[in-house]
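1. Here's my sequence, what's the structure:
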Amino acid sequence: MIAVLAGGVGAARFLAGLVEVVAPSSVVAVVNTGDDTRLHGLHISPDLDTVTYTLAGEHNAELGWGLAGETWTVMAALERLGAPTWFRLGDRDLATHLYRTGRLAEGAPLSTVTAEIARAFGVEVRLLPMSDDPVRTRLELADGPEVEFQEYFVRLRHAVAVRSVRFAGAEEARPAPGVLEALEEADAVVIAPSNPVVSIGPILALEPVSAVLARRRACVVAISPIVAGAALKGPAARLLAELTGDSSAEAVARRYSAVAGAFVLDERDAALAGRVGALGLRPVVAETVMGAPGVAAGLARAALDAVGVATSR
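-> Prediction:
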């Protein structure tokens, strides 16, 4: 069994490649819920949905979020009424949020609802929210107040400087049922190429999760989302620079050195391999930019090989 710590688009692309080289039923994805928010009375889980839609082959590749073939009738009607529409929700996507919100109101935990949604979309990978308890990523702006993640990422378009990041509720939150078991029993744990601060950070903020990974770090491999000092998507590089003064792949490796035994960095960062090794991680150089067909599958093979796990396809 392979366990993957997953954020949004980068993790979803990696998982799509992973299921080309191992059986989907052998994969457990532990997905960030620090990005979850509530809008129009609905519980929205952006990372869970991005992973679900991508694995189902229905992700909106043009927008980078939501479902393919969307229409926007509800958003247009809300805009006419004067409701905030900076967080765009397509009509098909809204059905997912309506279902989730209704089931949560009935008392079902998020992990149960996530499994129901994944099953409805025909996803064979087992998807687990990191926790059924609320954990929310909050960012203190350098010249402003503390804001929730979606306000920073979407409304402000992550174009503002950040002073600090915290994960509200993480100290009290418990890993969702099945999370610790998956991490304990997995042949390999992969930290996907997601934003290390706001996608993987909330998962590692759950102390039982980071404790298991630290104990099993020889089986853990992390993949850098930073290539030649830049993030392919999103604010990972900018956040690293603002919070640590370093936006390199080495800075990512430093964040994972306590919980991972191997680290995959892109070919363009091969010169950093020695410095990654000095951090106590086994460096692996591979193509990590998952734009062309087959790259994600090749990256999955390289990651698993780094911890001695053979692929089955």
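2. Mean confidence (pLDDT) on the biggest helix by length in the chain, please.
-> Determined from DSSP state H, the single longest helix within the chain is helix 91-105. Averaged across helix 91-105, pLDDT comes to 98.
3. again with stretch 16-25
-> Stretch 16-25 comes out with an average pLDDT of 97.
4. next one: it to chain centre, how far?
-> Distance, stretch centre to chain centre, for stretch 16-25: 17 Å (Cα atoms, centre = their mean, to the nearest Å).
5. Next, the buried residues of it.
-> Ala16, Gly17, Leu18, Val19, Val21, Val22 (16 or more other Cβ atoms under 10 Å). In this view, the C-beta of every residue, glycine as well, is placed from N, C-alpha and C.
6. again, but for stretch 178-194
-> Result for stretch 178-194 [16+ other Cβ under 10 Å]: buried residues Val179, Leu180, Ala182, Leu183, Ala186, Ala188, Val189, Val190, Ile191, Ala192, Pro193, Ser194.
7. looking at the protein, which helix or strand does the model trust least?
-> strand 230-231 (a mean of 90; mean pLDDT, DSSP states H and E).
8. Tell me which other helices or strands that strand touches.
-> helix 236-244 (3 or more Cβ pairs under 8 Å, 6 or more residues apart in numbering; DSSP states H and E).
9. now for whichever helix or strand comes after the helix it packs on, which elements pack on it?
-> Where DSSP states H and E defines the elements, the next helix or strand beyond helix 236-244 is helix 249-256. Judged by 3+ Cβ pairs under 8 Å, 6+ apart, the packing partners of helix 249-256 are strand 220-223, strand 226-227, helix 236-244, strand 262-266, helix 273-278.
10. 7 Å instead, please
-> Under the contact definition 3 or more Cβ pairs under 7 Å, 6 or more residues apart in numbering; DSSP states H and E, helix 249-256 sits against strand 262-266, helix 273-278.
11. List the buried residues of the longest one.
-> So the one you mean is helix 273-278. In helix 273-278, residues buried by neighbour count (16+ other Cβ under 10 Å) are Ala273, Arg275, Val276.
12. Show the backbone phi and psi for Ser26.
-> phi -90, psi 0 (degrees, to the nearest 10).
13. contacting residues around it?
-> Met1, Ile2 (Cβ atoms under 7 Å, 6 or more residues apart in numbering).
14. Give me the subset of the buried residues of stretch 178-194 that lies in helices.
-> Val179, Leu180, Ala182, Leu183.
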